[in-house]
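# When you get a sec, could you give me coordinates for this:
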Amino acid sequence: MDLLKDVLEWASDRIEEAGIPPGREPNWALQRRHQAEWMVPALASVADHMRIRLVVQTMQWGLQPFGPCRLLDLGTAYGVFAVAARALGCEAVGVDWHTPLPAFEAPGITWERRDIEAPEPLGGPYECVALLEVLEHLHCHPRGLFRRVFGALHVGGLFVGSTPDPDTWPEPVPPSDLASMPDALPMDQRPDRHVRLYTPDEVTGLLTEAGFSGIVIDRTGAPRYHWRAQ
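This next block holds a predicted model:
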């Protein structure tokens, strides 16, 4: 874990050197103080998945070079997780629709301005998809997004995510009925804020409904929890 923290700090330095969007400096400083809480466990899951992928491919196809692990970072914000994943050997695509796209450029990293709540395919196929501290910002019912993530992954691909835990999150977020969330909503009616907190059982249900299995929920990282599924 210490090595992954170092990778995260290295990625943060690269993002900062390239320039933080004007007016976003306080938010960036806040994220940098806390981002290891949700990014390090996700990086560990990606690294484990890459090792298993290499072993399985070697057993199937023998000792030969394989293509890089492709990773999609949904809600990439400042791009730290995508850059860190690239440092681990992934080809990373970072997507956002609220935060200005990162100024950092490097081979193997692509930034895209795209509305992930729009009912459009996410592209792919990818080996890994990350949804870190994003679920709680969604204004539309997440079942559509989870299904699109499942469709964007290779068979056996990894979906990792994190979101505030309603039982330990310190800020009040008004409760809302999941079933009443709309399937679509115009962008100008979706401000960037916490909309709803999800229980682990709700996330498990969304993952199962989308077709995922091997679901693991880790609640040891209060005040947020993490999931991984394939």
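# so where do the helices sit in this protein?
With DSSP state H, the ranges of helices along the chain come out as 2-18, 25-34, 36-61, 80-87, 143-152, 200-210.
# just for this structure, where's the confidence low?
Residues of the chain meeting the criterion pLDDT under 70: 1, 52-67.
# circling back to that earlier point, what's the most buried one of the helices of the chain?
Most buried of those, by mean neighbour count (mean count of other CB atoms under 10 Å): helix 80-87, with a mean of 27. Using the backbone N, CA and C atoms, a C-beta is placed for each residue, glycine as well.
# List the contacts of the nearest residue to residue 197 once chain neighbours are set aside.
Distance criterion CB to CB, 6 or more residues apart in numbering; nearest residue to residue 197, sequence neighbours excluded, is residue 166 at 4.2 Å. Applying CB atoms under 8 Å, 6 or more residues apart in numbering to residue 166 gives the contacts 173, 197-199.
# Residue 166 and residue 219, how far apart?
11 Å (CB to CB, to the nearest Å).
# what's the closest of the contacts of residue 166 to residue 22?
The closest of the contacts of residue 166 to residue 22 turns out to be residue 173 (CB to CB; 28.6 Å).
# Contacts only, for that closest one.
Per CB under 8 Å, 6+ apart, neighbours of residue 173: 136, 164, 166, 194-197.
# redo that, cut-off 6 Å
Counting by CB atoms under 6 Å, 6 or more residues apart in numbering, residue 173 touches 194, 197.
# cool, and residue 42?
Per CB under 6 Å, 6+ apart, neighbours of residue 42: 130, 132, 160.
# Could you rerun that using 10 Å?
Residue 42 sits next to 4, 73, 81, 84-85, 128, 130-132, 158, 160-162, 226-228 when contact means CB atoms under 10 Å, 6 or more residues apart in numbering.
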